[in-house]
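Enquirer: From the sequence below, what's the structure:
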Amino acid sequence: MARQRDYCLREVLPFTALVSVECTNVGMNTLYKAVVANGLNFHVYMAYAYAISSIVLLPLAFLFHRNTPLPPFSMILLGKFFILGFIGFSGQYVGNLGIKYSNPTMASAMSSIAPACTFFLAIIFRCSVFSVKLKLPKYPPQNQINFRAIIHTILCMIYS
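Expert: Numbers count the residues shown, from 1 in each chain. From the prediction side, this is the model:
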């Protein structure tokens, strides 16, 4: 019984979370395209999206709190929050602007390249090691996944 629980926590739960996040992402892209096509301003849509996410996530902060003490609040921490929020807002803003002029299928295909971009940033900042071998099975799994994501995105761009 304990072995099944460990398997579920290690393998099934992250996969389920990944699939649900991707389905939510595709659904939000499709919903966004539908409401913008009917005349809603995308600034209003973003305000609604942030309001709904705040309403959903705020109670979770009270339900799942940590027992460890929080770090002291400082201006550096506030600056990090601001930078993180600005990057997230800018990414959503540019993504929604792109969907306005394109289609949600292209946006969903472009979102699959995010792990590859993260992997390349990890290589640049020396957080990950990349070794080039001639045989494909010798590649680490993240290299195969990133190559497949890049090929998938290129094929979607060529197709549309």
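Enquirer: Could you check how far F82 is from I76?
Expert: 11 Å (C-beta to C-beta, to the nearest Å). C-beta: built from backbone N, CA, C; applies to glycine.
Enquirer: Go through the helix of greatest length in the chain and flag the buried ones.
Expert: Using DSSP state H, we find that the single longest helix of the chain is helix 75-101. For helix 75-101, burial by neighbour count (16 or more other C-beta atoms under 10 Å) applies to 92, 95-96, 99.
Enquirer: Distance to R66 and pLDDT for those - can I get that in JSON lines?
Expert: Below are the buried residues of helix 75-101 laid out as JSON lines (distance: C-beta to C-beta, whole Å; pLDDT from 0 to 100):
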{"residue": "Q92", "distance to R66": "27", "pLDDT": "85"}
{"residue": "G95", "distance to R66": "31", "pLDDT": "82"}
{"residue": "N96", "distance to R66": "33", "pLDDT": "83"}
{"residue": "I99", "distance to R66": "36", "pLDDT": "81"}
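Enquirer: possible to save the residues you listed as TSV with distance to L40?
Expert: Listed next are the buried residues of helix 75-101 as TSV, based on distance: C-beta to C-beta, whole Å:
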residue	distance to L40
Q92	15
G95	16
N96	11
I99	13
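Enquirer: Identify the farthest-apart pair in the residues you listed.
Expert: Q92 and I99 (10.5 Å; C-beta to C-beta).
Enquirer: And what about F73, helix, strand or coil?
Expert: Secondary structure for F73, judged by DSSP: H, G, I helix; E, B strand; the rest coil, is coil.
Enquirer: I'd assumed A47 was in contact with N96.
Expert: No: using C-beta atoms under 8 Å as the test, N96 is too far from A47 to be in contact (11.7 Å).
Enquirer: what's the angle between the host helix or strand of T24 and helix 75-101?
Expert: Here T24 is covered by helix 13-37, with elements defined by DSSP states H and E. Put simply, helix 13-37 runs at 60 degrees to helix 75-101, going by axes from the mean of the first three to the mean of the last three C-alpha atoms, to 10 degrees.
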